[in-house]
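Colleague: Quick one, structure for this:
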Amino acid sequence: MDATTDKDLLVQEQIYNALCYLGESEPEEILNSCDEYLRQHDKLAYPHRVIILKAMETVVRNNISLLDKSTAKEVIRDWQQAASNVLVAVGQRFINKVMEEVLTKFQPGILPHYFVLQTFANLSVSNGE
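Modeller: Sure, this is the predicted structure:
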């Protein structure tokens, strides 16, 4: 997964494809490996983190019926937290665009998802003067 930091977009795409391919035969192993890698590399640049998150998303979507309930719950929580963190980081430069997207998740009469609220709060904290 260290190759995700390669500047060559073809290499990045190959890493993504390899993770997805391996995820077809061993989804829980790949999801756990990606999760562990992201935890160990918490300073990984967000464009590279996104490659791994997208691969995790694809593996989950393609194999949701095969995942153990506890694995799915933990991976989804971790994935949502990581995605929230990516939005907050991007929001430090493109706050208007990120806020536009986050605000679309607020629907009248429907309680927003926990991570939507957390993202909204973290955006305000990271961009406060």
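Colleague: what about residue 22, neighbour count?
Modeller: By the criterion of other C-beta atoms under 10 Å, residue 22 has 15 neighbours. C-beta coordinates here come from the backbone N, C-alpha and C atoms, glycine included.
Colleague: quick thing: my sequence starts at 194, can you match it?
Modeller: With the count now opening at 194, the last piece we talked about shows up as residue 215.
Colleague: Hmm, it is touching residue 221, no?
Modeller: No - using C-beta atoms under 8 Å as the test, residue 215 is too far from residue 221 to be in contact (11.3 Å).
Colleague: Identify the contacts common to those two.
Modeller: Counting by C-beta atoms under 8 Å, 6 or more residues apart in numbering, residue 215 and residue 221 have no contacts in common.
Colleague: same for the lowest-mean-pLDDT helix or strand in the chain, what does it pack against?
Modeller: Within the chain, no helix or strand scores below helix 262-284, which has a mean of 79 by mean pLDDT, DSSP states H and E. Judged by 3 or more C-beta pairs under 8 Å, 6 or more residues apart in numbering; DSSP states H and E, the packing partners of helix 262-284 are helix 220-233, helix 239-256, helix 288-296, helix 307-319.
Colleague: which parts of stretch 203-223 are buried?
Modeller: By neighbour count with 16 or more other C-beta atoms under 10 Å, stretch 203-223 contains the buried residues 205, 208, 209, 212, 213, 216, 220, 221, 223.
Colleague: quick revisit: which one of the helices and strands packed on helix 262-284 lies closest to residue 277?
Modeller: helix 307-319 (4.4 Å; C-beta to C-beta).
Colleague: Contact partners for residue 295?
Modeller: Residue 295 neighbours (C-beta under 8 Å, 6+ apart): 280, 309, 312, 313, 316.
Colleague: what does stretch 226-235 contact?
Modeller: 194, 212, 237, 242, 245, 246, 248, 249, 267, 268, 271, 275.
Colleague: got TSV for those residues, with distance to residue 299 too?
Modeller: As requested, the contacts of stretch 226-235 are exported to TSV (distance: C-beta to C-beta, whole Å):
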residue	distance to residue 299
194	35
212	33
237	30
242	26
245	28
246	23
248	29
249	26
267	27
268	26
271	24
275	22
